[in-house]
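**Q** Here is my input; please provide its structure:
(one chain, ligands or ions: 1)
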Amino acid sequence: MVEIKKIAVLTSGGDAPGMNSAIRAVVRKSIFHSLQIYGVYRGYEGLINGEIKEMELGSVADIVHRGGTILRSARCDEMFTKDGQKKAAMQLFNRGIEALIVIGGDGSYRGAQDLAQFGVRVVGIPGTIDNDISGTDYTIGFDTAVNTVVDSVSKLRDTATSHERVFIVEVMGRKCGDIALRSGVAIGAESILIPELPFDLQEISEKLLRGFKRGKNHSIIIAAEGIGDIRDLARKIEEYSGFDTRVTILGHIQRGGAPSAFDSVLGARMGGKAIEVLLEGKSEVMISFIKNDIIDRPLKDAFKPKPPIDRKLYNLANELAI
Ligand code: F6P
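**A** Residues are numbered from 1 along each chain as shown. The predicted structure is shown next:
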C-alpha cells in the first residue's frame with residue numbers, strides 16, 4: 001500500500017447513465033480507506049477554474065439510481081493547451097491532491113495523460129454510451145443506452161404497424177456501431193447499418209419487399225449515426241422499395257434515464273477498483289471490464305484502435321433477418 005491522502009474525481013465528455021454509481025463508489029471507498037476525496041465540477045473546465053469541493057458520505061446519497069452526472073460534465077478546449085494543463089495541475093497541487101480519477105471517454109483520458117506529465121497520478125474509468133473505448137469490453141452507460149433504444153423502438157413499432165411503414169431509426173455511437181448492433185439484434189431489426197461494415201441499399205430494399213410479401217406489416221432498420229446522412233438513405237430506400245419510409249433520430253434520449261442494473265454494478269465495480277489501484281501505487285492506468293472481470297491496464301491501451309465489431313453477432317443478425 002502506498003501513502004496517498006487526497007484524491008479528486010471528475011466526469012468529462014458526454015454523460016452516461018451509471019456515472020453516478022461510479023462517483024458514489026469512488027467517494028465511499030475513499031472514505032472507507034480514510035482518504036480525503038474531492039469532486040471536481042464541470043470536467044476539466046471546472047478543474048482549471050478551481051471548482052473543487054470536498055465530498056462526504058452524504059454527498060453521494062440518493063444518486064446511484066439517477067442518470068446524468070452529479071459532477072456535471074463539459075468539453076474543454078483549454079485543456080488541449082500547455083497553459084490549461086498547467087493551471088489544472090496547479091489547482092490539484094495547491095490543495096495537496098495527489099491523484100485524479102477521470103470518468104469519461106478516451107478523449108478525456110488525453111487530458112489525464114497530460115496531467116500525469118506534471119506528476120499527478122491518474123486513473124481513467126470508461127464512461128460513455130458509445131462503447132468505443134479500446135481495452136474494455138464494456139463502457140459505463142452502453143447497456144442503458146441499448147435498453148433505451150429497445151424501449152423506444154417498441155413504441156415506434158406500434159405506429160409502424162398501424163401504417164404498414166418502414167422506420168429507419170438512427171442511434172448514437174459516433175464512429176462506433178456497437179449501440180446499433182446490440183439494439184438491432186435485441187429488437188430483431190430487418191437490417192443493421194453500421195460504419196464498420198459496408199451495406200447495399202438494393203439488398204436492403206429487396207429484403208423489405210420479401211418481408212412484406214410474406215405478410216410482415218412493418219419493418220425496422222437500425223442505423224448508426226456514423227454511417228452518414230440518414231434522410232438521404234431513407235429517400236433511396238423509399239425509392240427502391242416503394243414503401244412509405246420514416247426516419248426517427250433518437251438523439252440524446254439515449255444518454256438519459258436511470259442506469260440499468262448492469263451499468264450501476266459496472267460503475268460501482270470500476271469506481272471501487274480505481275481506488276484500489278491508486279492505493280497500490282499505480283498511475284496512468286485505465287479500469288477495464290474484460291470477460292466479466294474488472295482489471296487495470298495501461299492508460300495508453302485506450303488510445304489503440306478499438307477491436308473490430310463483433311462479426312459473429314452481426315452475421316447472426318443477418319441470418320435471423322432473412
Ligand atoms: O459520445 C457520446 C455521444 O452521445 C455520441 O454518441 C454523440 O455523437 C455525441 O456524444 C453527441 O455529443 P453532444 O452531446 O456534444 O451533442
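
**Q** got the residue ranges for the strands in the stretch 151-300 of the chain?
**A** Applying DSSP state E, counting those that start in this stretch to the stretch 151-300 of the chain gives strands spanning 166-171, 191-193, 219-224, 245-249, 285-290, 293-298.

**Q** Which one, of those, ends up nearest to Pro126?
**A** Closest to Pro126 of the strands of the stretch 151-300 of the chain is strand 285-290 (C-beta to C-beta; 6.7 Å). C-beta coordinates here come from the backbone N, C-alpha and C atoms, glycine included.

**Q** could you check the distance from Asp132 over to the ligand?
**A** 8 Å (C-beta to the nearest ligand atom, to the nearest Å).

**Q** in a helix, that's where that residue is, yeah?
**A** No - Asp132 is assigned coil when assessed by DSSP: H, G, I helix; E, B strand; the rest coil, not a helix.

**Q** Identify the residues contacting the closest residue to it other than its chain neighbours.
**A** Counting by C-beta to C-beta, 6 or more residues apart in numbering, the nearest residue to Asp132 once its immediate chain neighbours are dropped is Cys176, at 3.7 Å. Residues in contact with Cys176 (C-beta atoms under 8 Å, 6 or more residues apart in numbering) are Asp130, Asn131, Asp132, Pro195, Glu196, Ala224, Gly226, Lys306.

**Q** So which bits of this protein are right by the ligand?
**A** Neighbours of the ligand within the chain, by C-beta under 6 Å from any ligand atom: Gly14, Thr128, Ile129, Asp130, Met172, Gly173, Arg174, Glu225, Arg255.

**Q** Take the contacts of Cys176 and write them to a markdown table, including pLDDT.
**A** Formatted as a markdown table, these follow (pLDDT from 0 to 100):
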| residue | pLDDT |
| --- | --- |
| Asp130 | 98 |
| Asn131 | 98 |
| Asp132 | 97 |
| Pro195 | 98 |
| Glu196 | 97 |
| Ala224 | 98 |
| Gly226 | 98 |
| Lys306 | 92 |
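
**Q** Among these, which one lies nearest to the ligand?
**A** Taking C-beta to the nearest ligand atom as the measure, Asp130 is the one of the contacts of Cys176 closest to the ligand, at 4.7 Å.

**Q** What's the separation between the closest one and Asp178?
**A** According to C-beta to C-beta, to the nearest Å, Asp130 stands 7 Å off from Asp178.

**Q** Could you provide the strands of the stretch 151-300 of the chain in CSV, with additional columns for mean neighbour count?
**A** Output for those, formatted as CSV (neighbours: other C-beta atoms under 10 Å):
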stretch, mean neighbour count
strand 166-171, 25
strand 191-193, 25
strand 219-224, 26
strand 245-249, 18
strand 285-290, 22
strand 293-298, 14
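
**Q** Show me the one of those strands that comes nearest Ala99.
**A** Ala99 lies closest, by C-beta to C-beta, to one member of the strands of the stretch 151-300 of the chain: strand 285-290, at 11.1 Å.

**Q** In terms of secondary structure, what does the closest one contact?
**A** For strand 285-290, the packing partners by 3 or more C-beta pairs under 8 Å, 6 or more residues apart in numbering; DSSP states H and E come out as strand 121-126, helix 261-279, strand 293-298.

**Q** Identify the residues contacting that strand?
**A** With contact meaning C-beta under 8 Å, 6+ apart, strand 285-290 is reached by 109, 123-126, 133, 135-138, 266, 269-270, 273-274, 277, 294-299, 301-302.

**Q** Could you list the paired strands of it along with their orientation?
**A** Using DSSP bridges, strand 285-290 pairs in its sheet with strand 121-126 (parallel), strand 293-298 (antiparallel).
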